[in-house]
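In: Below are the sequence and a predicted model for it; my questions follow.
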Amino acid sequence: MLVIGAGIVGCATAYYLAGHGFRVTVLERGAIGAEQSSRAWGFVRQQGRHPAEVPLAAAANRLWRGLEAELGQDLEWTASGILVAGETEADAARLEDALRTARDHGLDSRLLTPDAIRAVVPGAPAAWRSGLFTADDGHAEPAKATQAFAAAARARGVVIAERTPVRAILTTGGRATGVVTAVGTFGADAVVLAAGIGAADLARTVGIDLPIQPVRAVVAETNPAGLATQVAVWSPRVAFRPRRSGRLVLGNGYRGIDAEHDLTLGSLRALRLFLPTWVANRRILRLRLGAEFVADLARRLSAEGACQPLAEPRVTHALVRRNAAELYAAFPHLSGLGLARRWAGRIDATPDLIPIIEFAAVPANLLIAAGFNGHGFALAPLVGTLLAEKIAKGRTALDLHAFRLARFRGGTARQDQGAL
Ligand SMILES: Cc1cc2nc3c(=O)[nH]c(=O)nc-3n(C[C@H](O)[C@H](O)[C@H](O)COP(=O)(O)OP(=O)(O)OC[C@H]3O[C@@H](n4cnc5c(N)ncnc54)[C@H](O)[C@@H]3O)c2cc1C
């Protein structure tokens, strides 16, 4: 079996496939976890998901609970709950919508009063007038979890070849039979495409159009803050995850500009499908035409082509500073805490903001799992389990119909307004 991409989805898939007794090779253009999987916030969130995604998030959560024991590593797994805070009436209405979806799926989510918010996050600002809290949501450290899956996969005999970009998928008689790399071809009975941002270019080599566009977001890690909570928080103005060290992983709130789409030639190709999403998210998404356009064009025109590792994504420092300022405004005693680290990451976005998990594409025996829209860290253990199950048994325990590529046929894709 071949897996393309050693992010957390590829490494988890390889680990579970090896558990079914398959011989597996993972081909990675850069280093393990170097694209999205080491850059995530680390939220393992069930609440506020698209209704189709909630059953996956809930099943993934159950796997996370046993993952440190299963992989034999410290993942900083913390089952402390996640709070989505609201300030305005409109925020409260969205949280109530999300609560209905959560309840429909049997999640133990509840709306919190301001006092109850302060009980789970001592010192929370008075502006947080409503909150949606799911006590069995959790968080973990993305780089550790990805490396742990990779190490556990290797312990089961999986070969992970880093710095081995895949140039194309090979087919014979309508079936995926291997891949082409710079160091030669690899044959396989099945190919798993778990290449994140790189998935669309590879799918195109077998005539499949994957509507995936990169969206760049910034993250930072503070100096130790010592907040008296382990709860991860997503508020309108700032998000944070307390690490075991006391440092906070800091991201954007859900209001205000939180992500940037760097326009490339690929943006034009996807325009018809993505335009409604860009318009719907115009207040939180900024379109950029600049250095990434030139870099993308240069890669595509180079002899090595688009499969080469991507350059380090640009950090928009103004957004990092804004996130830090919002943290200090919410928790004035943290003012001046300072940042130890800052980075950016490219999220693989789809037009309807849910992933593409496709088993029935032509060619046969090509399984696609990409376009996780900033949710793939939480979902990865489950998605890896399902992909391995599909290859081993020909079926999966969960219905994945909502994630099929065919939903984009006809050029429309509907976003779910209830998802946060
Ligand atoms: C800033 C940020 C915050 C996030 N926060 C969260 C969060 O809190 N919770 C959550 O659940 N998710 C979060 N995510 C999303 C999460 O990180 C991703 O959904 C998840 O890591 C996807 O894993 P993956 O393995 O599919 O992709 P990736 O980690 O991107 O792995 C794909 C791999 O494929 C390789 N590849 C691509 N093309 C080729 C090729 N041609 N040949 C060989 N290899 C190739 C890449 O190099 C890469 O290593 C966040 C993401 C970002 C960027």
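Out: Perfect, thanks for sending it.
In: give me the number of residues near Arg255?
Out: By other C-beta atoms under 10 Å, the residues close to Arg255 number 15. Glycine gets a C-beta too; all of them are placed from N, C-alpha and C.
In: residue contacts, whatever residue of the stretch 201-350 of the chain ends up closest to the ligand?
Out: Residue of the stretch 201-350 of the chain nearest the ligand, by C-beta to the nearest ligand atom: Gly345 (2.6 Å). For Gly345, the contact set (C-beta atoms under 8 Å, 6 or more residues apart in numbering) comprises 35-36, 39-40, 216-217, 219, 313.
In: Among those, which one lies nearest to Gly174?
Out: Among those, Glu35 lies closest to Gly174 (C-beta to C-beta), at 30.3 Å.
In: got the residues of the stretch 301-420 of the chain near the ligand?
Out: Counting by C-beta under 6 Å from any ligand atom, the stretch 301-420 of the chain comes close to the ligand at 307, 309, 345, 347, 370, 372, 374-378.
In: My understanding was that Leu265 contacts Ala298; is that so?
Out: No: counting by C-beta atoms under 8 Å, Leu265 stays clear of Ala298, with 11.6 Å between them.
In: what comes up buried for the host helix or strand of Gln147?
Out: Take DSSP states H and E as the rule and Gln147 turns out to sit in helix 142-155. Buried residues in helix 142-155, counted by 16 or more other C-beta atoms under 10 Å: 142-154.
In: mind showing which ranges of this protein have poor pLDDT?
Out: Within the chain, the ranges that satisfy pLDDT under 70 run 256-258, 410-420.
In: So which residue of it lies furthest out from the middle?
Out: Gly173 (33.7 Å; C-alpha atoms, centre = their mean).
In: Of the contacts of Gly345, which is the most crowded?
Out: Busiest of the contacts of Gly345 [other C-beta under 10 Å] is Ala40, holding 31 neighbours.
In: quick one: contacts for that one?
Out: Contacts for Ala40 were tallied using C-beta under 8 Å, 6+ apart; they are 142, 345, 374, 376-377.
In: Name the nearest of the buried residues of helix 142-155 relative to the ligand.
Out: So of those, ranked by how close each gets to the ligand (C-beta to the nearest ligand atom), first place is Pro142, at 6.2 Å.
In: sec struct for the nearest residue to that closest one once chain neighbours are set aside, please.
Out: Leaving aside its chain neighbours, Pro142 sits nearest to Ala40 (4.2 Å; criterion: C-beta to C-beta, 6 or more residues apart in numbering). Three-state assignment for Ala40 (DSSP: H, G, I helix; E, B strand; the rest coil): coil.
In: surely His139 meets Thr78?
Out: Yes: in this structure His139 lies within contact range of Thr78 using C-beta under 8 Å: 5.4 Å.
In: Would you mind naming what in the stretch 151-300 of the chain lies close to the ligand?
Out: Residues of the stretch 151-300 of the chain found near the ligand (C-beta under 6 Å from any ligand atom) are 165-166, 194-198, 202, 217, 219.
In: Looking at those residues, which two lie furthest apart in space?
Out: Comparing all pairs in these by C-beta to C-beta, the longest separation belongs to Val166 and Val219, at 27.5 Å.
In: got a list of what Leu17 touches?
Out: Leu17 makes contact with 1, 3, 24, 158, 192, 387-388, 391-392, according to C-beta under 8 Å, 6+ apart.
In: run the last query once more with 7 Å
Out: Contacts for Leu17 (C-beta atoms under 7 Å, 6 or more residues apart in numbering) come out as 1, 24, 388, 391.
In: Could you point out the helix or strand that follows the one helix or strand it maps to?
Out: Under the criterion of DSSP H and E, Leu17 resides in helix 8-19. Next along the chain after helix 8-19, taking DSSP H and E as the criterion, comes strand 25-27.
In: wait, does the helix or strand following that next one contact the ligand?
Out: Moving toward the C-terminus from strand 25-27, the next helix or strand (DSSP H and E) is strand 43-44. Yes: using C-beta under 6 Å from any ligand atom, we find that strand 43-44 touches the ligand at Phe43.
In: Please compute how far the next helix or strand after strand 43-44 lies from its chain's middle.
Out: Of the helices and strands lying after strand 43-44 in sequence (DSSP H and E), the nearest is helix 54-71. Chain-centre distance of helix 54-71: 15 Å, with C-alpha atoms, centre = their mean, to the nearest Å.
In: Stretch 166-180 too?
Out: On C-alpha atoms, centre = their mean, the centre of stretch 166-180 falls 26 Å from the chain's centre.
In: How about stretch 66-75?
Out: Chain-centre distance of stretch 66-75: 20 Å, with C-alpha atoms, centre = their mean.
In: Need the residues that contact that stretch.
Out: Contacts with stretch 66-75, where a contact means C-beta under 7 Å, 6+ apart, come from 77, 140-141, 144-145, 148-149, 152, 381.
In: Show me where this protein has its helices.
Out: 8-19, 54-71, 89-104, 114-120, 142-155, 199-204, 265-269, 271-280, 291-301, 317-330, 376-393 (DSSP state H).
In: how about the ones you listed, which one is nearest Asp352?
Out: Asp352 lies closest to helix 271-280 among the helices of the chain, at 7.4 Å (C-beta to C-beta).
In: What residues of the closest one count as buried?
Out: Here helix 271-280 shows 273-274, 277-278 as buried, counting by 16+ other C-beta under 10 Å.
In: With stretch 124-133 instead?
Out: 124-125, 128-133.
In: With distance to Phe331 added, can I get those residues in TSV?
Out: Formatted as TSV, those follow (distance: C-beta to C-beta, whole Å):
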residue	distance to Phe331
Ala124	8
Pro125	7
Trp128	11
Arg129	17
Ser130	19
Gly131	16
Leu132	20
Phe133	18
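In: which one of those residues sits closest to Leu95?
Out: The nearest member of the buried residues of stretch 124-133 to Leu95, counting by C-beta to C-beta, is Leu132 at 4.3 Å.
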